[in-house]
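*Asks:* Using only what follows, build the 3D model:
(one chain, ligands or ions: 1)
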Amino acid sequence: MSRPSRYDPVTRGLGMTSQRARDRLVERLRAEGIRDRRVLDVIRELPRHLFIDEALASRAYEDTALPIGHGQTISQPWVVARMTEALIEHRLPRHVLEIGTGSGYQCAVLARLVEQVRTVERIDELLRNARRHFRKLGLANIRSRHDDGRLGWSDEAPFDAIIVTAAGAELEDALLAQLAPEGCLVAPVGPAGRQSLLRVRADADGWQRESLGAVSFVPLLGGTG
Ligand code: SAH
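*Replies:* Sure thing, here's the model as predicted:
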């Protein structure tokens, strides 16, 4: 399928889903501390409304998480921006793994920034929807898989960066094991109400772990749905 024109009203959006709405969101993200131009430029361009049910599309450029079915949510734009910024800050990764495809929006943001993205989702219907959005946007550098993402994607490992978009009780050893030397992992960790966003970087001295602040994510669950 060919890449849609920037002038296609469906992908470009109108009214509450227009370019102006995206520009306002980017201004807000900047005011709230997002600095990386590369990330802001992708958010300015990528139609988040396409990843959301039509009934909620008018709220797509509010800085808020929204339901996507199956009790899951599309992450708040600020959170997507902050995690992406943290993941690419020290070095632009080439081969990236995302756990928790959900709507596909975070994955699409990454796909516009890096060479290859791999994403794993445990709920089949969400994954099918996300794949439709990837096709519609002509994002050909994404491969996705229906599985329990806590195990990572060993056939595709190692990864320069791994991003987890659901909160586990601990960092998953299987994911850390699939990081390349000098790789970077960003993941929310902890129980509901007490989660923090962690960044782990692998260097010659082992894992360097830092907390990037409090967040609120849906739980990382076992098995497939
Ligand atoms: N990145 C998504 C956020 C979706 S919410 C977006 O931009 O929309 C988190 C997602 O993680 C949900 O879709 C949930 O089903 C998924 N998830 C939870 N546990 C998982 C697991 N063990 N493996 C894969 N996906 C998981």
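*Asks:* need the residues of the chain near the ligand, please.
*Replies:* Neighbours of the ligand within the chain, by CB under 6 Å from any ligand atom: 72-75, 99-100, 102-103, 105-106, 120-123, 126, 148-150, 165-166, 218, 220-221. From N, CA and C alone the C-beta is placed, and that goes for glycine too.
*Asks:* Any stretches of the protein with poor pLDDT?
*Replies:* The model of the chain has pLDDT under 70 over residues 1-10.
*Asks:* Recalculate using a threshold of 80.
*Replies:* Filtered on pLDDT under 80, the chain yields the residue ranges 1-17.
*Asks:* Quick check on the residues of the chain next to the ligand: which are buried?
*Replies:* The neighbour-count test (16 or more other CB atoms under 10 Å) marks 72-75, 99-100, 102-103, 105-106, 120-123, 126, 148-150, 165-166, 218, 220 as buried among the residues of the chain next to the ligand.
*Asks:* Which positions are bridged to the residue nearest to Arg209 when sequence neighbours are not counted in the beta structure?
*Replies:* Ranked by CB to CB, 6 or more residues apart in numbering and with sequence neighbours excluded, the top spatial neighbour of Arg209 is Val200, at 5.1 Å. Judged by DSSP bridges, the bridge partners of Val200 are Leu185, Arg209.
*Asks:* about what we covered before: taking the buried ones among the residues of the chain next to the ligand one by one, which sit in strands?
*Replies:* Gln72, Thr73, Ile74, Ile99, Val120, Glu121 (DSSP state E).
*Asks:* which among the residues you listed gets closest to Arg132?
*Replies:* Set against Arg132, the nearest of these by CB to CB is Glu121 (13.2 Å).
*Asks:* ok, so what distance separates the spatially most central residue of the chain from Leu14?
*Replies:* The centroid of the chain falls nearest to Gln106 when counting by CA atoms, centre = their mean (2.5 Å). Distance, Gln106 to Leu14, by CB to CB, to the nearest Å: 24 Å.
*Asks:* try Val109
*Replies:* The spacing between Val109 and Leu14, counted by CB to CB, is 22 Å.
*Asks:* and what of Trp78?
*Replies:* Taking CB to CB as the measure, Trp78 falls 24 Å from Leu14.
*Asks:* one step back: can you report how many residues neighbour the residue nearest to Arg209?
*Replies:* 19 (other CB atoms under 10 Å).
*Asks:* Compare Trp78 and Leu14 and say which one has the larger neighbour count.
*Replies:* Trp78 (19 against 11).
*Asks:* mind listing what Arg35 touches?
*Replies:* Contacts for Arg35 (CB atoms under 8 Å, 6 or more residues apart in numbering) come out as Glu85.
*Asks:* Using the three-state scheme, assign it.
*Replies:* Here Arg35 is coil, with the state taken from DSSP: H, G, I helix; E, B strand; the rest coil.
*Asks:* And it, how far from the ligand?
*Replies:* Look at Arg35 and the ligand: by CB to the nearest ligand atom, to the nearest Å, they are 21 Å apart.
*Asks:* Quick one: the strands in the protein, in order.
*Replies:* Counting by DSSP E, the segments of the chain that form strands are 66-69, 72-74, 95-99, 116-121, 142-146, 159-164, 179-189, 195-203, 206-215.
*Asks:* Which elements pack onto the third one?
*Replies:* Okay, so that is strand 95-99. Strand 95-99 sits against helix 105-111, strand 116-121, strand 159-164, with contacts defined as 3 or more CB pairs under 8 Å, 6 or more residues apart in numbering; DSSP states H and E.
*Asks:* Thank you, goodbye.
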